[in-house]
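# this one's structure only:
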């Protein structure tokens, strides 16, 4: 197991290098000059040249890339072109914010999704099932920018219960986490329902019934545990999405997360920030996948890695 | 593995989650006397000579001060120079040497004294061997600064410039503590230390800037205990936070929501004009806009009054000149006509005729077509506005194509030498500040062709060049005003670019907030809460 994890982590290195190369090249093809953007409308060409030189943007692309890579190996992601702050200082607080939001959302999504899926499977084709599946459909098809605004309208503006934006504390986390969790919860509910239905047809469930176990134990201990593997896989993928794809929710709730930072960095051609951000995302994705693979062994003792 | 053996693992996971959440303070702390302000953009550099964005300027205006500050006097309809860190000043008879007598007993926030030596350090950041970014071309006229005694400083100019005080007054010459410059070096833009009413305390990257009252401020301590400036990029989010009371003030509100916000009894919205002109750059070297009749026709084909009324709901002042009402040297040569018939006459004269009946005019087998590039989400209602312009131009026989761009790519496509220019038109903004020189020189003088300056029309007229050069050194204000007037008459005749409108500064605040100010000039004080207080 240890050797397996080590191997997987080692495979990260070429992956990360590949990702930086691709994102670096893509950024080079986008029109727009960061030096001009920084110097502003007022500056003359000489000033822009000076800025370009200060930022090392007048060197060849391959040299720029190699410089970037060697610095990253030394743990230095450089300075943000736009703000002049160290990239690490720009990214870290936002990354923690993104993680907080993603973890809260995935917990909410798992809780709601699995509960809804199990409930629907328990009363298959009954009114409860249809009711739950209708909610699921709503969850999947409502865009977050709309449901988010709706929640703000109800809970912040009408009742004044929760703050509408910012990331100061607990209260600020609730609305964005719920908004972000809704589509994921819906997907997980569907997943749980269908795999539950599949598992419930298995022989060992009949066996458990024959033994005279209570329905609750059959559902939770026998069926759910076996049905969870696909749900956990989806949860892993969703986590990656929640981490990076939350730009809309971050915008509506003014949540200072990483997705929003990267979108802005792209707009201002802030290459170092984009690079570092993309690397962090890639790193998280791979780590989450690894974590999910390990989780399989906990859920299903038959799965093991060498 | 049994469930029991997994419990520690789950406990660990839960612990990690809660500790991550616990990293930030809990709940919404409500401190009395702290004003919360939401602005739309993150600041970039809190160092006056290197500040570029509006958010930098808004924050800097609370922390830093300059020697003198210009202000538009509503009563006299002219500009006043207000002594700030300089108590008074004196110019030599040839106007090449300016002596400033500094305010005594002023201290920077770090305790170091403000004196002539500090002024010298700040000026030399701009004219020294390694000048800071924004400053160079405006400060070219300075030769050196001389410390006369502790509270007297002398500026020696290479040329006698008529708008000298307007150049000195610019926000890049706000005074930064020399001790802080030494201490923070290249990171000074993250540690602003000035003499202003509020002290910089903390910059939570991507979230807010915290300032506290400078109790030793030379005008007396400010009325608030502190100010928090929150960065809220989304228009709707700013409106929401203002409505819920999470912030007291929100800058730059979306025009369609103003009326709705005014309905309640808790929020006040002000909308005042600025000197910031939105205009359409027309390329004077590329077809079809190199023909002055085509440019004049474009001007007549666009219903500026109609757009200001119906789309901007009167939250703008018609652009009847390049120079704003608040600027010295303004003359309106433009009657702002909307005349579709006149368009037809001009275009037919120029040889553009719709011969195939498709509504678009042609000449020599080529259609009357040009591109308008506009950033999206940068100026109030920019997308709607540029589409309205497109529709009106089409009605007049132009096939105008709109290219909406993200701002970075947009300015990349403007700043090109003439041989690499796109030939397109651009919708951009420009502030005329306190003197017509700012509005006209960089955008119309032929030495200022892109990328040397900001003449993106590639307009060249020797008469305009000479009038502008003369105006820069003309000391008699009436004569100078007349020179600028002549320039504006020629620019209108040649229709070099099309002034659309001067954009308003729109601020919403809770009714318990007083003293929120918006000023047309200077640019740095377009919006400030430094004199605000809470009821």
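Perfect, thanks for sending it. None of these values were measured; they are calculated from a predicted model.

# what about stretch A:28-46 and chain B, any contact?
Yes. Residues of stretch A:28-46 contacting chain B under Cβ under 8 Å from any Cβ of the partner chain: A:30-34, A:36-46. C-beta coordinates here come from the backbone N, C-alpha and C atoms, glycine included.

# tell me which parts of the stretch 101-250 of chain A are close to chain B?
Within the stretch 101-250 of chain A, the positions lying close to chain B (Cβ under 8 Å from any Cβ) are A:103-104, A:107, A:149, A:152, A:156-157, A:160, A:163-173.

# How about residue B:386: what's its closest non-neighbour residue?
Nearest residue to residue B:386 in three dimensions, chain neighbours excluded: residue B:374, at 4.3 Å (Cβ to Cβ, 6 or more residues apart in numbering or on different chains).

# and if you look at residue A:136?
Spatial nearest neighbour of residue A:136, chain neighbours left out: residue A:186 (4.4 Å); criterion: Cβ to Cβ, 6+ apart.

# how many other residues sit next to the one you found?
When neighbours are defined as other Cβ atoms under 10 Å in any protein chain shown, residue A:186 has 24 of them.

# Now it: which helix or strand?
Element membership of residue A:186 [criterion: DSSP states H and E] is helix A:170-200.

# If we go by neighbour counts, what in that helix is buried?
Neighbour-count burial for helix A:170-200, with 16 or more other Cβ atoms under 10 Å in any protein chain shown as criterion, is recorded at A:172-196, A:199-200.

# name the helices or strands packed onto it?
Secondary-structure packing of helix A:170-200 (3 or more Cβ pairs under 8 Å, 6 or more residues apart in numbering or on different chains; DSSP states H and E): helix A:87-122, helix A:127-141, helix A:144-151, helix A:225-244, helix A:247-252.

# weakest of these by average pLDDT?
Lowest mean pLDDT of those: helix A:225-244, a mean of 86.

# Counting by contacts, list what that helix packs against.
Secondary-structure packing of helix A:225-244 (3+ Cβ pairs under 8 Å, 6+ apart): helix A:87-122, helix A:170-200, helix A:258-267, helix A:271-299.

# can you list contacts of the shortest one?
Spelled out, it's helix A:258-267. For helix A:258-267, the external contacting residues (Cβ atoms under 8 Å, 6 or more residues apart in numbering or on different chains) are A:27, A:30, A:80, A:82, A:90-91, A:94-95, A:97-98, A:243-247, A:250-251, A:270, A:273-274, A:277-278, A:280-281, B:42, B:206, B:233, B:406-408.

# again, only this time at 7 Å
With contact meaning Cβ atoms under 7 Å, 6 or more residues apart in numbering or on different chains, helix A:258-267 is reached by A:90-91, A:94-95, A:98, A:244-247, A:250-251, A:273-274, A:277, A:280, B:206, B:406-408.

# returning to what we had before: including mean neighbour count and distance to residue B:150, could the helices and strands packed on helix A:170-200 go into CSV?
CSV is the format used below for those (neighbours: other Cβ atoms under 10 Å in any protein chain shown; distance: least, Cβ to Cβ, whole Å):
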stretch, mean neighbour count, distance to residue B:150
helix A:87-122, 22, 39
helix A:127-141, 15, 71
helix A:144-151, 18, 58
helix A:225-244, 20, 57
helix A:247-252, 23, 52
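
# gap between the residue nearest to residue B:41 when sequence neighbours are not counted and residue B:39?
Closest residue in space to residue B:41, ignoring its immediate chain neighbours: residue B:55 at 4.2 Å, by Cβ to Cβ, 6+ apart. Distance of residue B:55 to residue B:39, computed by Cβ to Cβ, to the nearest Å: 6 Å.

# Of the two, give the one with the bigger neighbour count.
Set residue B:55 next to residue B:39 and count neighbours by other Cβ under 10 Å: residue B:39 wins out with 24 against 20.

# Pretty sure residue B:53 is one of the things that one touches, is it not?
No. Contact criterion Cβ atoms under 7 Å: residue B:39 and residue B:53 do not qualify, at 10.1 Å.

# per-residue confidence for residue 60?
Here I'm looking at chain A. pLDDT, read off for residue A:60, is 83.

# that answer is for a different chain, and I need it for chain B
At residue B:60, the pLDDT value in this model is 95.

# show me what contacts it?
Going by Cβ under 7 Å, 6+ apart, residue B:60 touches B:46, B:48, B:51, B:171, B:174, B:192, B:524.

# Who wins on neighbours among the residues you listed?
Ranked by neighbour count (other Cβ under 10 Å), those have residue B:48 at the top, with 32 neighbours.

# distance of it from residue B:113?
Residue B:48 sits 19 Å away from residue B:113, going by Cβ to Cβ.

# what does residue B:151 give?
Counting by Cβ to Cβ - residue B:151 and residue B:113 are separated by 10 Å.

# Between those two, tell me which one has more neighbours.
Regarding residue B:151 and residue B:113, a neighbour count based on other Cβ under 10 Å identifies residue B:151 as having more, with 19 against 15.

# rewinding a little: what would the helices and strands packed on helix A:225-244 look like in JSON lines with distance to residue B:226?
Shown next, in JSON lines, are these (distance: least, Cβ to Cβ, whole Å):
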{"stretch": "helix A:87-122", "distance to residue B:226": "21"}
{"stretch": "helix A:170-200", "distance to residue B:226": "20"}
{"stretch": "helix A:258-267", "distance to residue B:226": "26"}
{"stretch": "helix A:271-299", "distance to residue B:226": "30"}
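
# For residue B:211, find the nearest of the ones you listed.
Across these, residue B:211 has its closest neighbour in helix A:87-122 (19.5 Å, Cβ to Cβ).

# Now for residue A:8, how many residues are close by?
Counted with other Cβ under 10 Å, residue A:8 comes out at 16.

# Let me see the contact set for the residue minimising distance to the centre of chain A.
For chain A, residue A:243 is the residue whose C-alpha lies nearest the centre (Cα atoms, centre = their mean; 2.2 Å). By Cβ under 7 Å, 6+ apart, the residues touching residue A:243 are A:98, A:102, A:281, A:284.

# In the chain, where is pLDDT below threshold?
With no chain named, the answer covers chain A. The model of chain A has pLDDT under 70 over residues A:40-42, A:245, A:306.

# that's the other chain; I wanted chain B
B:1-31, B:130-137.

# Quick check: the gap between residue B:78 and residue A:36.
Distance of residue B:78 to residue A:36, computed by Cβ to Cβ: 36 Å.

# measure the residue nearest to residue B:100 when sequence neighbours are not counted to residue A:128 for me?
Closest residue to residue B:100 apart from its sequence neighbours, by Cβ to Cβ, 6+ apart: residue B:86 at 4.2 Å. Distance from residue B:86 to residue A:128, counting by Cβ to Cβ: 78 Å.

# Could you do residue B:306 as well?
Distance from residue B:306 to residue A:128, by Cβ to Cβ: 58 Å.

# How about residue A:50?
From residue A:50 across to residue A:128, the span is 69 Å (Cβ to Cβ).

# And residue B:105, by the same measure?
78 Å.

# re earlier: may I see the helices and strands packed on helix A:170-200 organised as CSV, with distance to residue B:210 added?
Output for the helices and strands packed on helix A:170-200, formatted as CSV (distance: least, Cβ to Cβ, whole Å):
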stretch, distance to residue B:210
helix A:87-122, 15
helix A:127-141, 39
helix A:144-151, 27
helix A:225-244, 28
helix A:247-252, 22
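
# Could you list the residues in contact with stretch B:325-342?
For stretch B:325-342, using Cβ under 7 Å, 6+ apart, the contacting residues are B:72, B:79, B:275, B:300-301, B:303-306, B:317-318, B:320-321, B:323-324, B:395-396, B:432-436, B:439, B:480-481, B:484-485, B:488-489, B:492, B:520-521.

# Among the residues you listed, the buried ones, what's the ChimeraX command?
To isolate the buried members of the contacts of stretch B:325-342 in ChimeraX, using 16+ other Cβ under 10 Å:
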select /B:72,79,275,300,301,303,304,317,318,320,321,323,324,396,432,433,434,435,436,439,480,481,484,485,488,492,520,521
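
# All set, thanks.
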